[in-house]
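Peer 1: coordinates only, sequence not included:
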């Protein structure tokens, strides 16, 4: 049986680890939180108080962590993954981090004889719980082939995006589009309201016309048309503004380093930064409709 070490058992990591357990895989987990470790143990996994213990017998190490700096420390630190994992273990980092760090850590893994992929996800906490995440995977074809069967219990879509770091590149590009489109949809609803247009009527038109997009038909920012959207739950996330702000920050770092021209991306980043500055980081990112209307 494949032994998996899962590092980072937070809102995303714990339900992902539970899906691995549901696929009859052995999961050893580590998290700084006592509560998170207890959650894994309650689900049938084995929780450890150090990374070294968690990865000692692992065939695969998966991480879901908050930042590039933490990823680097977890893998490259004295008590980290690289110094304590067994030879030949596969590394899968599902954190959303900057492309440069993802490539640097993967290069270190390669130098030490480990296969590694970056595999950030789309789908949020709901997708993590349901096992319907979309994985964007960067790494060699051989590493992707090894990682795919491990990712399958956690995801509905697994896409090989190319070399190391390309999974992260795909994730930040995707979320930049998402931010821009949500702002556009929100502006249109606000304008429609100002002109006396009913929300449902505009939705019925736009959902079947050239304005149709995921931000409209799957995650509509007004209550009513899409019952499962956070707009029907007082804009509770969902996908929090703080997370969108983080991803747009990574996108803008990549823009600066690549010399790309992204005026709409910059504007979206500025808008979500203002929401953060105003103390609304815990509001779903679709709450930008209220921010733009001046009601948040």
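Peer 2: That came through, no problem. Because the structure is predicted, anything quoted here is derived from the model rather than measured.
Peer 1: now residue 24. Its backbone dihedrals?
Peer 2: Per-residue torsions, residue 24: phi 60, psi 30 (degrees, to the nearest 10).
Peer 1: separation between it and residue 32?
Peer 2: 28 Å (Cβ to Cβ, to the nearest Å). The C-beta positions use only the backbone N, C-alpha and C, and glycine is treated the same way.
Peer 1: nearest residue to the residue most central in space within the chain in space, please, no chain neighbours.
Peer 2: In the chain, the residue lying closest to the centroid (Cα atoms, centre = their mean) is residue 121, at 4.3 Å. Once flanking residues are discounted, residue 121 sits nearest to residue 133: 4.4 Å by Cβ to Cβ, 6 or more residues apart in numbering.
Peer 1: ok, residue 67 next?
Peer 2: The nearest residue in space to residue 67 (Cβ to Cβ, 6+ apart) is residue 97, at 6.4 Å.
Peer 1: pLDDT at the one you found, what is it?
Peer 2: As predicted, residue 97 sits at a pLDDT of 97.
Peer 1: max-length strand in this structure?
Peer 2: Among the segments of the chain that qualify as a strand by DSSP state E, the longest is strand 155-162.
Peer 1: excluding its own residues, what touches that strand? List them.
Peer 2: 121, 123, 127, 131-138, 141, 144, 148, 151-152, 167, 169-170 (Cβ atoms under 8 Å, 6 or more residues apart in numbering).
Peer 1: out of these, which end up buried?
Peer 2: Buried members of the contacts of strand 155-162, scored by 16 or more other Cβ atoms under 10 Å, are 121, 123, 127, 131, 133-138, 144, 148, 151, 167, 169-170.
Peer 1: return the subset of those lying in helices.
Peer 2: 127, 144, 148, 151, 167, 169-170 (DSSP state H).
Peer 1: hey, what's the residue lying closest to residue 139 once chain neighbours are set aside bridged with?
Peer 2: Counting by Cβ to Cβ, 6+ apart, residue 117 is the residue found nearest to residue 139 once chain neighbours are left out, at 3.4 Å. Assessed by DSSP bridges, residue 117 has beta-bridge partners residue 92.
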